[in-house]
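1. below: sequence and its predicted model.
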Amino acid sequence: MSRHGRLTAPTTRVFVISLVLAVLAVASVFFSIPVIGHYLHAHRFWVVTGAYALLAGGVLLRGL
């Protein structure tokens, strides 16, 4: 069977970065986060979208 088109597990680093970004964006709804809280509150949709895109890239691209 060809390896073309197969999905791979993301690296631990990609998974953790994606998870931290998503958790910070969701936490900014409920809590005031110092230093980066203003940016997260204003752009949380894009932060979560970026976290998901990073995770999807880690699954689709081998070695990311």
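-> Arrived safely, thanks for sending.

2. list the buried residues for the longest helix anywhere in the chain?
-> If you go by DSSP state H, the chain has its longest helix at helix 37-60. Residues of helix 37-60 classed as buried: 40, 44, 47-48, 51, 54-55, 58 (neighbour count, 16 or more other C-beta atoms under 10 Å). Just so you know, the C-beta spots here come from the backbone N, C-alpha and C atoms, and that holds for glycine as well.

3. which strands and helices sit next to that helix?
-> For helix 37-60, the elements it packs on are helix 12-30, judged by 3 or more C-beta pairs under 8 Å, 6 or more residues apart in numbering; DSSP states H and E.

4. so how far is the helix it packs on from its chain's centroid?
-> On the basis of C-alpha atoms, centre = their mean, to the nearest Å, helix 12-30 sits 6 Å off its chain's mean C-alpha point.

5. over to stretch 57-64?
-> The answer for stretch 57-64 is 13 Å, by C-alpha atoms, centre = their mean.

6. can you list the residues that contact it?
-> 7-11, 14-15, 18 (C-beta atoms under 8 Å, 6 or more residues apart in numbering).

7. before we move on, what about stretch 10-27?
-> Contact with stretch 10-27 is made by 33, 36, 40, 44-45, 47-48, 50-52, 54-55, 57-59, 64, as judged by C-beta under 8 Å, 6+ apart.

8. what residues sit buried inside it?
-> 10, 14, 17-18, 21-22, 24-25.

9. hang on, the earlier thing: what is the lowest-pLDDT residue among the buried residues of helix 37-60?
-> When those are compared by pLDDT, residue 40 scores lowest at 83.

10. would you agree that residue is in contact with residue 48?
-> No: applying C-beta atoms under 8 Å as the test, residue 40 and residue 48 come out as separate, 9.9 Å apart.
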